[in-house]
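> Return atomic coordinates for the entry below.
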Amino acid sequence: MDDQTGLGRAEERLRNPDEDDRFPYGKTSPFPIFIAIGLAFSEVGVFLDIVPLAVGGLLLFAGSVAGILSEAGYVATPWGTLLVIGGLLLALAASLYVFSFDAVGLTRVASIAVAAGLCMLGALVGRYALGDRA
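Residues are numbered from 1 along each chain as shown. Sure thing, here's the model as predicted:
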């Protein structure tokens, strides 16, 4: 490292970005953009009654939230988080069905319920098929 030019530490950081103590992460996470895209797609799909877009957006959102929590180290595996998000989506669909079915409609409730079921099914399959590998 050449300390006389003042560029020694910067050059070293460019060569080994993972070893810098001020920047412990050498890469950025792809999950925030997928969270935003999933939330936008799910909103458009639910409000416009486009079931595949709503289900896909909710699955993308739920999977990305579970992935970012797992990547950050808050949870060991994403499967439990995905199961909880699926349960929350199922509770949302049930409350929409019970309290405001006339205003919401069947396709909106069904799209949220289908996404919830797929989240929970994916979490259970992932938990027992992959276990701690994911």
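
> Look at G57 and give its secondary structure.
Three-state assignment for G57 (DSSP: H, G, I helix; E, B strand; the rest coil): helix.

> I'd like the distance from it to A36, if you could.
11 Å (CB to CB, to the nearest Å). For glycine as for every other residue, the C-beta is placed from the backbone atoms N, C-alpha and C.

> now swap in L69 and tell me
In terms of CB to CB, L69 sits 16 Å off from A36.

> Looking at these two, which is more packed in?
Using other CB atoms under 10 Å, the more surrounded residue of L69 and A36 is L69, with 18 against 13.

> Can you tell me what sits against the helix or strand harbouring the more buried one?
Here L69, judged by DSSP states H and E, is contained in helix 51-72. Identification of contacts with helix 51-72 by CB atoms under 8 Å, 6 or more residues apart in numbering yields 29, 31-32, 34-35, 37-46, 75-79, 81-82, 85-86, 89, 107-108, 110-112, 114-116, 118-119, 122, 134.

> now do 7 Å
29, 31, 34-35, 37-39, 41-42, 44-46, 75, 77-78, 81-82, 85-86, 89, 107, 111-112, 114-115, 118-119 (CB atoms under 7 Å, 6 or more residues apart in numbering).
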